[in-house]
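**Q** quick one, fold the following:
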Amino acid sequence: MTSPDRRSILTGLGAVGIGLSGCARQTETARSTPVAAEGGRSLDLAALEARHGGRLGFALRNTATGETLAWRGEERFVYCSTFKMYLAAATLVRVQGGQERLDRAIAVTAADMVTHAPVTQPAVGRTLSIEALMKGTVEVSDNPAANLLIRELGGLAQMQAFYRSLGDMRTRVDRLEPEMNRLDGDKDTIAPAQSALNIENLFVAANTPLTPTSRDRLLDWMTASPTGQARIKAGVPEGWRVAHKTGTGGYGPTNDIGLIYPPSAPPVIVAAYFHATDASTEAQRDAVIADATRMALSAIGLTA
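**A** Predicted coordinates:
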């Protein structure tokens, strides 16, 4: 959707009850070709893939110039926990429209518990606010928090409806945590180029569905996140701000998406999805994303 009334349409979806409700596809293995940006620049990550094995999807959008660079940008990758940034955005849109409240208390029970629950596990038997659930799912990727937020949106179909409201007609929403991390065809997949465009539509575009207050709240959580220090953050010059959301599968998928803020310049958007080999180490997987980020920034002339 590109019309300037996206925000009002999203609000209307929530009002009528439709609502706004963490990895790669085996069949898409063809060698990617570099995608050129304006001015003839391109991004070739073939050597990086060959050196480490696996399959890398990467997209960069320079919001200062409109340039886009991509490698396997149109292929599908299971997104793992990167979706939690979009989940928080969908919830914030409902808060803006009056269909949700930041301070609404949600009961946390033992039945809600799944793996990785640093925020919700200590709260079993008590309640957490919608805001606390969002903060926990974005900053430290709490899985039960994400499932609870999806439930409060109205289910998986409403989460997919949120992607569609951004103009994203491809991203799949099929399962809850932690099942959605498991490779199963196209289920729970996204294309890197689409993810980068979604991020621009949420945080940069004039007709973003997020109010300035909601946008800043979400960016603050993404900036404060302690996860993935060796991914996008390790690929940018020292002192540059990074607002991001990681996603990791236990069998190789290693992802990171977000915005890079050079000093005194508009943000650069990065969406990286790496399906590594089982034999690789966590440090090697992280380094691939850092190296790809460094190479892409250099390709558009952004260095320290």
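
**Q** strands paired with the helix or strand harbouring Leu259, and their directions?
**A** Per DSSP states H and E: Leu259 is located in strand 253-261. For strand 253-261, the paired strands and their directions (DSSP bridges) are strand 241-248 (antiparallel), strand 268-275 (antiparallel).

**Q** ok, and the closest non-adjacent residue to the residue positioned nearest the centre of the chain?
**A** Taking C-alpha atoms, centre = their mean, the centroid of the chain lies closest to Thr82, which sits 3.6 Å from it. Counting by C-beta to C-beta, 6 or more residues apart in numbering, the nearest residue to Thr82 once its immediate chain neighbours are dropped is Gly247, at 3.8 Å. C-betas here are computed from N, CA, C, even on glycine.

**Q** which residues pair with the one you found across the strands?
**A** Note on Gly247: beta-bridge partners by DSSP bridges are Asn255.

**Q** look up how far Arg285 lies from it.
**A** Shown here: Gly247 relative to Arg285, a distance of 12 Å by C-beta to C-beta, to the nearest Å.

**Q** the more surrounded of those two?
**A** Gly247 (27 against 22; other C-beta atoms under 10 Å).

**Q** for the more buried one, give me its contacts.
**A** Neighbouring residues of Gly247 by C-beta atoms under 8 Å, 6 or more residues apart in numbering: 22-23, 79-84, 141, 253-257, 273.

**Q** and it, what pLDDT?
**A** You'll see Gly247 listed with a pLDDT of 98.

**Q** out of the strands paired with strand 253-261, the one nearest Leu183 is which?
**A** Judged by C-beta to C-beta, the one of those that comes nearest to Leu183 is strand 268-275, at 8.4 Å.

**Q** after the closest one comes which helix or strand?
**A** Next along the chain from strand 268-275, counting by DSSP H and E, comes helix 282-299.

**Q** list the buried residues in that following helix.
**A** Within helix 282-299, the residues scored as buried using 16 or more other C-beta atoms under 10 Å are 284-297, 299.

**Q** in the stretch 51-200 of the chain, where is pLDDT below threshold?
**A** Confidence mapping of the stretch 51-200 of the chain against pLDDT under 70 gives zero matching residues.

**Q** quick check: Glu131 vs Thr137, distance?
**A** Computed with C-beta to C-beta, the distance linking Glu131 and Thr137 is 11 Å.

**Q** between those two, who's got more neighbours?
**A** Counted by other C-beta under 10 Å, Glu131 and Thr137 do not tie: Thr137 has more neighbours, with 30 against 18.

**Q** the more buried one and Ala145 touch, don't they?
**A** Yes. Thr137 is within contact range of Ala145, at 4.3 Å (criterion: C-beta atoms under 8 Å).

**Q** sorry, back to before: Arg217: which of the strands paired with strand 253-261 is closest?
**A** In terms of C-beta to C-beta, the element of the strands paired with strand 253-261 nearest to Arg217 is strand 241-248, at 11.4 Å.

**Q** quick one: the strands in the stretch 51-200 of the chain?
**A** In chain order, the stretch 51-200 of the chain shows strands spanning 55-62, 67-71, 77-78, 105-107, 127-129, 189-190, with DSSP state E, counting those that start in this stretch as the criterion.

**Q** so for Gln160, which of those sits nearest?
**A** Where the strands of the stretch 51-200 of the chain are weighed against each other on C-beta to C-beta, the nearest is strand 189-190, at 11.4 Å.

**Q** any idea how far stretch 141-158 is from the chain center?
**A** On the basis of C-alpha atoms, centre = their mean, to the nearest Å, stretch 141-158 sits 15 Å off its chain's mean C-alpha point.

**Q** in it, what counts as buried?
**A** Applying a neighbour-count criterion of 16+ other C-beta under 10 Å, the buried positions in stretch 141-158 are 141-150, 152-154, 156, 158.

**Q** let me see the contact set for the residue nearest to the centre of the chain.
**A** Taking C-beta under 8 Å, 6+ apart as the definition, contacts of Thr82 comprise Gly22, Ile190, Ser195, Lys245, Thr246, Gly247, Asn255, Asp256, Ile257, Tyr273.

**Q** most tightly packed of the strands paired with strand 253-261?
**A** Ranked by average neighbour count under the criterion mean count of other C-beta atoms under 10 Å, those are headed by strand 268-275 at a mean of 28.

**Q** restrict that strand to CA atoms and write it as PDB.
**A** Extracted C-alpha coordinates of strand 268-275, given in PDB (Å, rounded to 0.1, in the frame of the first residue of the first chain):
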ATOM      1  CA  VAL A 268      20.700   2.900   6.000                       C
ATOM      2  CA  ILE A 269      18.500  -0.200   6.100                       C
ATOM      3  CA  VAL A 270      19.900  -3.700   6.300                       C
ATOM      4  CA  ALA A 271      18.100  -7.000   6.100                       C
ATOM      5  CA  ALA A 272      20.500 -10.000   6.500                       C
ATOM      6  CA  TYR A 273      19.400 -13.700   6.500                       C
ATOM      7  CA  PHE A 274      22.100 -16.300   6.600                       C
ATOM      8  CA  HIS A 275      21.300 -20.000   6.500                       C
END
